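J.: Sequence plus the predicted model coming up.
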Amino acid sequence: MSELGMIIDIIEGTTYAMTPLVLAAVGEIFNERAGIVNIGLEGIMLLSGFMAVVAAEATLNPLVGVLAGIATGAFIGLIHGYITAYLKGDHIISGLGINLFALGGVAFGIEAVWGVRGYHTPPDAAKVPDIPVVNISPIFIAMILIAIGTHYLLYRTSMGLKVRAVGENPEAADVVGVNVERVQLLATIYGAALTGLAGAFLSIDWLTAITKELPAGRGFIALALVNFANWSPLLALGGGLLFGFFWTLGEWIKNMAAVKAVIPVTLMNTIPYIATLAVVAGLIGKSRPPRYVGRPYKRE
Amino acid sequence: MPGSRFWIVLKEELGRLAEILIAVLVGFVIAGILMWLGGYDPIAAYIAMFEFSFSDPYYLATTLSFAAPIMLTAITFAVGVRAGLFNIGAEGQLYMGALGAVIVASWALPGPLYLPLAIIVGSLMGAVWGLAAGLLKVYREVNEVVSTIMLNWIAFWVVEYARVYIYPNPIDASKTISMPPAGRLPILIKGTELSASLIVSLVFVGIAFYLLWYMVLGYEIRATGLNPSAARYGGINPKKAMLWAFIIGGIASGLAGVCEIAGRPPSYAITTGLSNLMGLGFDGITVSLLGANHPFGIIPAAIFIGALYSGARGMQIVTGVPLEMVKAVQGIIIIALAVPGIIRLIRSKIRRGGVKVV
């Protein structure tokens, strides 16, 4: 392979690897800006990925699959948002429940729907087609627009001002007439819907398969990316590029014949996780979360 | 005397118990709907589940054998919560503990040395894995939710690597070398899977209780969890308390891994894709939350989840419902547990006439 071919391969791989990370991270940034933490990203990706395959395969229409993924994410966001914003439930525990439910629910679902254990591949007609010539996914383009659009929404609109006010100081927002709970609920639905899109991207676009390990920790890497991006959607786009590049480079290195001979692929699979830990460990003191994030707001 | 402290505490505890029962009920109902949607008969499934978990001594023994490891992984989560941490790394710590036991099994040793060495090496490896998350948290401010999941994945691939390349079983390619018979925990009831790992687990739970409520370190851990600033003002080093919470949690899960290798027939080894270990760490989270993060609450909660798994085997045989349903039930139960004061909520709804009670 020529060196140019190799570079193009890595760039292409990066566009794929960064897409789910950025989508989930931008979504999470939005709801954390409103004060709601959702650590259920991993579970949302998994459930949405599953529903996307089910819908796309039933209709043989990938667009329906993508919409099903987004809707699944939004629905889980509705549940999580209602529990945390209105019922003042524990953010972390609800998120843990989502992750655990997804693990069992999807493993159960794969067997209930296709009668196989653990692994299913959707047919080609259900797959999101690449944009011709450049060979990139339309969801990659959508991801860039969403990241920029969400940034604009957060910093240039009154809606965004409300979201940030609720996360920084819900009491003050409440006093000036912002409906704190409603803003939090809507922000959580939006955030989870983006993660749902990330799940659909994994199952009917990039990896075209559904297993119960589909997200492989990407939901939690996205959480790390939120921190890395200092709660800014545009920085998440840049950070996602970095994380995606590492992921692709790792994939590429581990499959090199010379490396494979010395270090088996199984061991090299640890690279993305070690890289994530290293990056987050290097951040100390450089990022600041929204002041009221993760704490149930109770009116006095 | 009514109104005395005893009655107030009793009422509080009963209220909490009722909340947990409601969460469990919600879990079963929603899971039942999912089974129905998947084309199964939920009533038949639940009947089979009950029959295969408690109906005779064999099933009861199976239930207890499943309860043993998740009691320990629950301690990992519970000690973390007591220190104000969400340590969800029991999964990876358990993998490392199991690897430790397999490493010891690979040595040529006098028979009686296998078990004690496996326990020491496995617990230490679990502790190191927990401590890694602790150091990242305390010195680099890395959120433990992220770091423990990353460490779980790293542990998964490291142990999978060791399984295939360092300790493969020469006779059976689907597992690692087995713990030699001399290093195995004795079976408590002949013909069942119930080994002395249950006793090991119960003893460790007792130690955890003593440590948390009767030792200075436990006091420091709990004080840190309640209010780190106040703890520091009171002369406690919250960093030290957190690190110890991670270490104790790592020991617990490492020990669970050792028990799965030294005390679970028939394989006494790590199987392909870590299939015989996978999920035991996450089950501990459910157990801990159901048991109100208290060692003595954890024991009945672990038996309950153990019964679900034992029963799920029967459910799968009789009605064809996949075993994984149990994990979905757990997820729903946890989500329901996240809602504070379910009872108060239902009561106020009834008073407002929002919910009709038949």
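T.: Received it, and whenever you're ready, just let me know what you need. What you are looking at is a predicted structure, and each value in this text was computed from that prediction instead of being measured. Residues are numbered from 1 along each chain as shown, chains lettered A, B, ... in the order given.
J.: All the helices of chain B, residue numbers only.
T.: B:5-37, B:42-54, B:57-82, B:90-105, B:114-140, B:144-161, B:197-214, B:216-226, B:228-233, B:238-262, B:280-290, B:295-319, B:325-338, B:342-351 (DSSP state H).
J.: Among those helices, show me which one is buried the most.
T.: helix B:90-105 (a mean of 31; mean count of other Cβ atoms under 10 Å in any protein chain shown). Using the backbone N, CA and C atoms, a C-beta is placed for each residue, glycine as well.
J.: what does the stretch 151-300 of chain B put close to chain A?
T.: Neighbours of chain A within the stretch 151-300 of chain B, by Cβ under 8 Å from any Cβ of the partner chain: B:151-154, B:157-158, B:160-161, B:164-165, B:279, B:282, B:285-286, B:289.
J.: Greatest separation within the residues you listed: which pair is it?
T.: The span of those, defined through Cβ to Cβ, is set by B:Y165 and B:L289 at 37.4 Å.
J.: Give me the buried positions along stretch A:81-91.
T.: The neighbour-count criterion (16 or more other Cβ atoms under 10 Å in any protein chain shown) identifies A:G81, A:Y82, A:I83, A:T84, A:A85, A:L87, A:G89, A:D90, A:H91 as the buried residues of stretch A:81-91.
J.: for chain B, which residue is closest to the average position?
T.: A centroid search over chain B (Cα atoms, centre = their mean) returns B:G284, at 2.1 Å, as the residue closest to the centre.
J.: contacting residues around the nearest residue to it once chain neighbours are set aside?
T.: The shortest distance from B:G284 to any residue other than its chain neighbours is 2.7 Å, reached at B:T73 (Cβ to Cβ, 6 or more residues apart in numbering or on different chains). By Cβ atoms under 8 Å, 6 or more residues apart in numbering or on different chains, the residues touching B:T73 are B:A90, B:E91, B:L94, B:A252, B:S253, B:A256, B:L280, B:G281, B:D283, B:G284, B:I285, B:V287.
J.: Return the distance of the fourth one relative to chain A.
T.: So the one you mean is B:A252. According to Cβ to the nearest Cβ, to the nearest Å, B:A252 and chain A sit 18 Å apart.
J.: Help me confirm that that residue comes into contact with B:A208.
T.: Yes. If you go by Cβ atoms under 8 Å, B:A252 and B:A208 touch, sitting 7.1 Å apart.
J.: For chain A, which segments count as strands?
T.: For chain A, the strands defined by DSSP state E occupy A:119-120, A:210-211.
J.: quick one: the residue nearest to the centre of chain B and B:V79 touch, right?
T.: No. Taking contact to mean Cβ under 8 Å, the distance of 11.0 Å between B:G284 and B:V79 leaves them out of contact.
J.: What residues does the stretch 1-150 of chain B have near chain A?
T.: Taking Cβ under 8 Å from any Cβ as the test, the list of the stretch 1-150 of chain B residues beside chain A reads B:34, B:38-40, B:86, B:88, B:136, B:140-143, B:145-147, B:149-150.
J.: For stretch A:154-165, give me every contacting residue.
T.: The list of residues contacting stretch A:154-165 from outside it, by Cβ under 8 Å, 6+ apart, reads A:F30, A:R33, A:A34, A:Y152, A:L153, A:A172, A:A173, A:V178, A:V183, A:A187, A:P233, A:P290.
J.: could I get that stretch in CSV with only the CA atoms?
T.: Coordinates of each C-alpha in stretch A:154-165 appear next as CSV, following Å, rounded to 0.1, in the frame of the first residue of the first chain:
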residue,chain,number,x,y,z
LEU,A,154,-26.0,27.1,23.7
TYR,A,155,-24.2,30.4,23.3
ARG,A,156,-26.2,32.5,20.9
THR,A,157,-29.9,31.9,21.7
SER,A,158,-32.2,32.6,24.6
MET,A,159,-33.0,28.9,24.9
GLY,A,160,-29.3,28.2,25.3
LEU,A,161,-29.0,31.0,27.9
LYS,A,162,-31.8,29.3,29.8
VAL,A,163,-30.1,25.9,29.6
ARG,A,164,-26.8,27.3,31.0
ALA,A,165,-28.6,29.4,33.7
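J.: how distant is it from the center of its chain?
T.: Taking Cα atoms, centre = their mean, to the nearest Å, one finds the center of stretch A:154-165 at 22 Å from the center of the full chain.
J.: Name the spans of chain A whose pLDDT lies under the cut-off.
T.: Per-residue confidence for chain A (pLDDT under 70) gives these ranges: A:1-2, A:300.
J.: coming back round to it: could you provide the contacts of B:T73 in TSV, with additional columns for pLDDT?
T.: Conversion of the contacts of B:T73 to TSV gives the following (pLDDT from 0 to 100):
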residue	pLDDT
B:A90	98
B:E91	97
B:L94	98
B:A252	98
B:S253	98
B:A256	98
B:L280	96
B:G281	97
B:D283	96
B:G284	97
B:I285	96
B:V287	96
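J.: Since that was my last question, I'll sign off now.
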